[in-house]
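In: Pasted the sequence and its predicted model underneath.
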Amino acid sequence: MARQRRSARGGQNRLRIIGGQWRGRKLTFPDVPGLRPTPDRLRETLFNWLQTEIHGARCLDLFAGSGALGLEALSRGASRVVLVDESSAVTQQLEVNLRSLRADDAAVIRMPVQTFLERGPGDARYDIVFLDPPFGQNLLPPSLQRLEDRDWLAPGARIYIESESQLRELPLPAGWELLKEKRSGQVIYRLAGL
């Protein structure tokens, strides 16, 4: 598991950026039920998968939680990251963390992910999407379909999908391809592409 420690003050947890310009930086995230940052080892694998695509990429971090994936992407050279979560505690801490990193290339949006996706991307399309919803709530299928139906993805986009290991079959939209898949304990993590 990721290094997560509760501090003596306020039920705060910590995560570590593992690569890029902020490598080794420790950041705080709130103690919110169901929030589980992607562990260091999984993040390392993911960013090895994305190493040729991450620099200059526009990234969308849905169900951002601790921000581990979006912040790691920024640290490794993404040009823009949008972090979306519906929890006010989460989004407030993400804003604090972005200020402490002096990260101007990111935006935090407090909104339910399904509502956000239904709006459509406007003139922005994303090269990489991180999709790590709370487990056991059946949020992946509608999120994947809305990404496709509402035209959120740039040509050749990559979509990282993290789910509970019980979700063995993942209904990818037509035209998507499963590129990578691994298991770690109770988690399956996948990389899909257009």
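Out: Alright, I've got the coordinates.
In: Where do the helices of the protein begin and end?
Out: Along the chain, counting by DSSP state H, helices occupy 40-49, 68-75, 88-101, 113-119, 140-149.
In: Of those, give the one that comes closest to Lys182.
Out: Closest of the helices of the chain to Lys182 is helix 40-49, at 6.6 Å (criterion: C-beta to C-beta). From N, CA and C alone the C-beta is placed, and that goes for glycine too.
In: I figured Gly193 hits Ile159, correct?
Out: Yes: between Gly193 and Ile159 there is a contact under C-beta atoms under 8 Å: 7.2 Å.
In: more crowded one of those two?
Out: With neighbours defined as other C-beta atoms under 10 Å, Gly193 and Ile159 compare such that Ile159 has more, 27 against 15.
In: pLDDT score assigned to the more buried one?
Out: With respect to pLDDT, Ile159 scores 98.
In: Give me the longest strand you can find in this structure.
Out: strand 153-164 (DSSP state E).
In: who are the neighbours of that one, in terms of helices and strands?
Out: strand 126-131, helix 140-149, strand 187-193 (3 or more C-beta pairs under 8 Å, 6 or more residues apart in numbering; DSSP states H and E).
In: returning to what we had before: would you list the helices of the chain in JSON lines and tack on mean neighbour count?
Out: Below are the helices of the chain laid out as JSON lines (neighbours: other C-beta atoms under 10 Å):
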{"stretch": "helix 40-49", "mean neighbour count": "18"}
{"stretch": "helix 68-75", "mean neighbour count": "27"}
{"stretch": "helix 88-101", "mean neighbour count": "17"}
{"stretch": "helix 113-119", "mean neighbour count": "16"}
{"stretch": "helix 140-149", "mean neighbour count": "18"}
